[in-house]
Structure formats: C-alpha cells, structure tokens
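# Sequence below, structure please.
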Amino acid sequence: MAAGEGQRRDFTTWGIVAAGQGGGNIASQFLTRTENPGIDERIVLVNTNDTDIQQNITRVESELAIDREAIYQAHIANFGANVGVGNDFFDGERMAEEDFEEIFQPINTTLSGAEALMYTVALGGGSGNGSVPYVINQLSQGPTEGKTADMNAAWLDGLTQFALAAWPFEYESAQRHFNAICGLSRLLMDERGEQNADMTILASNSRLKELALQHDDVRDDGHGGFADDKELVNEQIIAAIDLFISAGRLAEDTIDVKDYVRKPQRRGVYHGTFGTALEKPIGLNLKMAIQRAAENTFVPLDPSTAEAAYVVVRAPERRIDSGDVTTGRVGEAFAKWKAENGLRGTVGMETLSRAPGRGQTFDVLVFLGGFDLSPLIEESQELYEMEKEALHRGDSHDQLSRIDRLEENLRQYRNTLEE
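Alright, predicted model coming up:
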C-alpha cells in the first residue's frame with residue numbers, strides 16, 4: 001500500500017494502548033504532545049493499579065485543558081483489583097481475561113477506526129505484561145471470534161498490532177527478568193505456537209540509559225539534579241515512535257503499517273528494534289547518519305544478523321522542496337549502508353518524511369528486524385533461571401507447565417530465525 005514515486009498521501013491513523021505503570025508513563029506523555037496527528041488523542045491507559053492511573057491523569061491534566069473526568073472516561077481502562085498485581089503476570093493475564101470488557105470498552109470507543117495499534121508495555125511488570133499479549137490475541141481474532149464477538153467492532157478487521165516492549169534494567173529483580181523472557185515469548189507467539197503481535201519492537205532500558213550517557217543527553221531536572229533513568233529511556237522511545245509513525249504521513253514513497261510487517265513475516269520475523277540519530281545538520285553525509293542511527297540500536301545486537309531493514313529520514317519540508325534532501329539520495333545512501341554491513345539481502349524500504357518549516361537539521365530512524373536475540377536474552381538468563389528455581393521450590397506445578405510451553409515457543413521462534 002506504499003505510495004508511488006513522488007506521491008503523497010494522508011497519514012496513517014494510529015492508536016496507543018499503554019498498559020501497566022511503565023507503558024502508562026510513556027503514553028501519558030503522548031497525550032501532552034501535538035506534533036504527531038497520526039496519534040492525536042487516540043490513547044488508552046490500561047492498568048490494575050488505581051494509584052498509577054491517578055498519577056498519569058494528574059500529569060495529563062496539568063498539561064492539557066481537559067478535565068479529570070473527561071480523561072478518565074475516554075482514556076482509562078481500569079481492570080482487576082485496583083491495587084496492582086505485584087509483578088505477577090499470571091495474575092495480570094487472569095484479570096484481563098475476567099475483565100476483558102472493561103479493557104475493550106474504551107479501546108473500542110476512543111481508538112475505533114485506527115488502522116494500527118501501538119501497545120507500550122514494560123516486560124518486567126505484571127499488569128501490562130500480563131494483559132497486553134492476551135488483548136492482542138483477542139483483538140487479532142476480529143469482531144466475530146473470541147471475546148470480541150458481538151461487540152460491534154468491525155474496525156478490528158485488518159487491524160495491525162505492534163507492541164513496544166521495554167526490557168528491564170540490568171539491576172532490577174530476578175522476577176522482572178523472568179517476566180521479561182516470558183513476556184517476550186507471549187508477545188511473539190500464542191499458546192498454540194502461532195504468531196501473536198504483528199511486530200514486537202524491543203527496547204532495553206539499560207541500553208537506552210547507556211546511549212543517553214554516551215551522548216551526554218542527561219538533562220537537569222529543574223531541582224539541581226538529573227532526569228531519572230526512566231525519563232531518559234522514555235524520551236528516546238517517544239522520539240523513535242514519532243519517527244516510526246511519520247513514515248506513514250506526508251512522506252515520499254510512504255512506508256505504510258503493512259510494509260513494516262508483511263515481508264518480514266514471510267521470513268518468520270516478528271520482532272525488531274529502533275536506532276536513531278537525531279538533529280543532524282543538513283549537509284551531513286546521509287550514509288554516515290544512517291550508520292550512526294544503526295550504532296544506537298535500542299537493544300544490543302549484531303546488525304549483520306538482521307533479516308529486515310528500514311530507514312526513515314525526516315527533514316524540514318522546505319529543505320526537501322529546495323532539493324537539499326531528496327528521496328534519491330536517501331535511497332542511494334541506504335543501499336550503500338546495507339551493502340557495507342552485509343545487509344543487501346534484507347527486506348525493507350526507505351522513505352523521506354516531511355517536518356514543517358525550513359529548519360537546519362534532519363532525523364534518522366533505522367528499524368531492524370529478525371536479528372539474533374541472544375545478546376538481549378543472555379542479559380536476563382541467569383536471573384530467569386533463579387526465579388524459575390524458586391517456582392520449583394513452591395507449589396507452582398500449573399505455572400511451571402505453562403513456563404515450559406513458553407520456553408518451547410521462544411525456542412522454536414529463535415530456531416526459525418537461524419534456518
């Protein structure tokens with residue numbers, strides 16, 4: 001569905017579903033932004049913890065002229081016990097199944113008509129990590145099957161679902177790293193071993209903090225200190241999602257949502273990650289800018305193992321119209337970069353996206369898919385095994401049986417990538 005050479009088209013319509021504390025912290029910031037009409041106010045916050053929800057509402061209320069009750073009615077899905085699930089994703093999933101209608105109602109009201117959904121979730125948690133894979137699975141069945149049957153939701157037909165999944169910091173507890181590996185398996189594959197999310201986009205919190213420190217991107221918090229770890233991470237994620245979505249909005253050779261998933265899926269690829277190079281001066285060699293973005297991937301990886309590669313260059317529209325940045329130069333630079341990095345055989349596309357005004361800088365997003373997951377999973381494997389051993393010592397037979405299935409699904413997915 002990409003536009004032809006030199007054509008433009010209206011933007012793709014996205015909805016954001018933010019689950020749990022981590023996902024809510026990211027998406028509540030989108031509600032305070034107006035730069036990307038691909039999203040506007042199509043955002044729903046999903047949580048079992050009423051305190052987290054109230055904090056997100058307070059943040060939004062302080063930035064926008066929207067009263068608290070209006071925010072709650074249009075943008076909040078409060079399910080479960082209202083006191084959280086204590087990082088137990090089994091409970092988070094169970095409550096999502098029991099209260100699915102409470103989750104689906106604001107999604108169906110506020111996000112109806114969206115062509116794609118982006119879920120934001122912290123894989124170390126319980127509410128979001130428990131609910132998101134389940135909700136994705138239900139919505140993928142469309143308006144006639146599963147729990148969405150007879151819910152007046154024809155817009156679900158053809159819906160594309162992405163999950164932006166944040167990996168826990170290295171210093172976090174064993175339970176969170178256990179949750180992360182299980183959550184990754186559940187996003188990639190359902191219980192039957194079939195694909196779940198159309199694309200799972202991974203971001204390592206530790207890796208993003210490292211990138212911020214490397215780039216001296218640690219700003220004063222206004223009180224004599226520095227922005228906390230989560231703020232440093234979330235700012236980078238939000239900037240990348242903005243760029244990712246911009247590829248479907250007023251761009252030359254538009255990358256539509258289906259383009260991000262169709263060809264990778266044919267290779268059995270359902271995961272990817274971002275890399276960004278922001279505010280580069282007009283005139284900087286485009287291949288060099290793409291390389292810098294690829295060096296800033298949101299998870300540790302070997303780029304040569306990727307099966308899919310996309311690049312989005314966003315430049316001021318007047319700079320594009322004057323020929324300072326062109327689609328031809330972007331395509332040429334991307335082709336040279338792929339050849340130099342052993343990625344000539346990957347699937348993917350490139351596009352030039354427009355930003356308002358003249359400006360002096362451009363931004364680059366590289367999206368890589370199907371890469372070897374070992375560097376990321378190995379960060380958590382030892383802690384995962386520790387938590388699994390604790391389950392063995394307890395009365396957790398049913399949970400262990402479920403874990404065995406999740407391990408097998410993840411193993412099969414990784415084996416497919418190696419074939």
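
# Tell me which helix or strand in this protein has the weakest average pLDDT.
Across the helices and strands of the chain, the lowest-confidence element by mean pLDDT, DSSP states H and E is strand 251-252, at a mean of 60.

# Could you list the buried residues of stretch 88-106?
88-97, 99-100, 103-104, 106 (16 or more other C-beta atoms under 10 Å). C-beta here means a position set from N, CA and C on the backbone, and glycine is covered the same way.

# Which of those residues fall within helices?
Counting by DSSP state H, the part of the buried residues of stretch 88-106 found in helices is 89-97, 100, 103-104, 106.

# L139: which of these is nearest?
Using C-beta to C-beta, F104 comes nearest to L139 of these, at 8.1 Å.

# Now do the closest one against E93, distance only.
15 Å (C-beta to C-beta, to the nearest Å).

# tell me the contacts of G345?
Contacts of G345 were listed using C-beta atoms under 8 Å, 6 or more residues apart in numbering, and none were found.

# and of the buried residues of stretch 88-106, the nearest to A180?
When these are compared against A180 (criterion: C-beta to C-beta), the nearest one is F89, at 9.8 Å.

# Now do the buried residues in the helix or strand hosting K388.
Using DSSP states H and E, K388 sits in helix 374-393. If you call a residue buried by 16+ other C-beta under 10 Å, then helix 374-393 has these buried ones: L376, I377, E379, S380, L383, Y384, E387, K388.

# Could you find the closest non-adjacent residue to I377?
I181 (6.4 Å; C-beta to C-beta, 6 or more residues apart in numbering).

# Counting by contacts, list what the regular element (helix or strand) spanning the one you found packs against.
For I181, the enclosing helix or strand under DSSP H and E is helix 174-188. Here helix 174-188 touches helix 89-98, helix 127-140, strand 160-167, strand 199-204, helix 374-393, helix 397-418, going by 3 or more C-beta pairs under 8 Å, 6 or more residues apart in numbering; DSSP states H and E.

# tell me the average confidence for the third one?
Per-residue confidence for strand 160-167 averages out to 96 on the pLDDT scale.

# Determine the angle, from 0 to 180 degrees, between it and strand 199-204.
20 degrees (axes from the mean of the first three to the mean of the last three C-alpha atoms, to 10 degrees).

# Over to the fifth one?
Comparing the axes of helix 374-393 and strand 199-204 via the same axes, to 10 degrees yields an angle of 90 degrees.

# hey, C-alpha coordinates of helix 374-393 in CSV?
Taking Å, rounded to 0.1, in the frame of the first residue of the first chain, the C-alpha atoms of helix 374-393 are listed here in CSV:
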residue,chain,number,x,y,z
SER,A,374,20.9,-13.9,22.1
PRO,A,375,22.7,-10.7,23.3
LEU,A,376,19.4,-9.4,24.9
ILE,A,377,18.2,-12.7,26.4
GLU,A,378,21.6,-13.5,27.8
GLU,A,379,21.3,-10.3,29.9
SER,A,380,18.4,-11.9,31.8
GLN,A,381,19.0,-15.7,31.5
GLU,A,382,20.8,-16.2,34.9
LEU,A,383,18.1,-14.3,36.8
TYR,A,384,15.4,-16.0,34.9
GLU,A,385,16.8,-19.4,36.0
MET,A,386,16.9,-18.2,39.6
GLU,A,387,13.3,-17.2,39.6
LYS,A,388,12.3,-20.4,37.8
GLU,A,389,14.0,-22.4,40.5
ALA,A,390,12.0,-20.5,43.1
LEU,A,391,8.9,-21.7,41.4
HIS,A,392,10.1,-25.3,41.5
ARG,A,393,10.5,-25.0,45.3
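
# Pull the residues that contact that helix.
Contact partners of helix 374-393, identified using C-beta under 8 Å, 6+ apart, comprise 167-168, 170, 173-175, 177-178, 180-181, 184, 202, 204, 206, 299-302, 399-400, 403.

# If we use 7 Å, what do you get?
167, 170, 174-175, 177-178, 180-181, 202, 204, 299-301, 399-400, 403 (C-beta atoms under 7 Å, 6 or more residues apart in numbering).

# Now do the SS call for V299.
coil (DSSP: H, G, I helix; E, B strand; the rest coil).

# can you check the one 10 residues further on too?
Using three-state DSSP, the structure places A309 in strand.

# bridging residues for it?
Beta bridges link A309 to L368 when assigned by DSSP bridges.

# Hmm, T346 and it touching each other?
Yes. At 4.5 Å, A309 counts as touching T346 under the criterion of C-beta atoms under 7 Å.

# Touching both of these two, which residues are there?
By C-beta under 7 Å, 6+ apart, the residues touching both A309 and T346 are K338.

# So between those two, which is more surrounded?
A309 (28 against 22; other C-beta atoms under 10 Å).

# how far does stretch 278-294 sit from the chain's center?
23 Å (C-alpha atoms, centre = their mean, to the nearest Å).

# Can I get that stretch as PDB, trimmed to CA atoms?
Written as PDB, here are the backbone C-alpha positions of stretch 278-294 (Å, rounded to 0.1, in the frame of the first residue of the first chain):
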ATOM      1  CA  LEU A 278      18.500  13.000  15.800                       C
ATOM      2  CA  GLU A 279      19.000  16.600  14.900                       C
ATOM      3  CA  LYS A 280      21.900  16.000  12.400                       C
ATOM      4  CA  PRO A 281      22.900  19.100  10.500                       C
ATOM      5  CA  ILE A 282      21.600  19.500   6.900                       C
ATOM      6  CA  GLY A 283      24.500  18.600   4.600                       C
ATOM      7  CA  LEU A 284      25.800  15.700   6.800                       C
ATOM      8  CA  ASN A 285      26.500  12.600   4.700                       C
ATOM      9  CA  LEU A 286      23.300  10.600   4.700                       C
ATOM     10  CA  LYS A 287      25.100   7.200   4.800                       C
ATOM     11  CA  MET A 288      27.100   8.400   7.800                       C
ATOM     12  CA  ALA A 289      23.800   9.500   9.600                       C
ATOM     13  CA  ILE A 290      22.300   6.100   8.900                       C
ATOM     14  CA  GLN A 291      25.300   4.400  10.300                       C
ATOM     15  CA  ARG A 292      25.100   6.500  13.500                       C
ATOM     16  CA  ALA A 293      21.500   5.500  13.900                       C
ATOM     17  CA  ALA A 294      22.400   1.900  13.400                       C
END
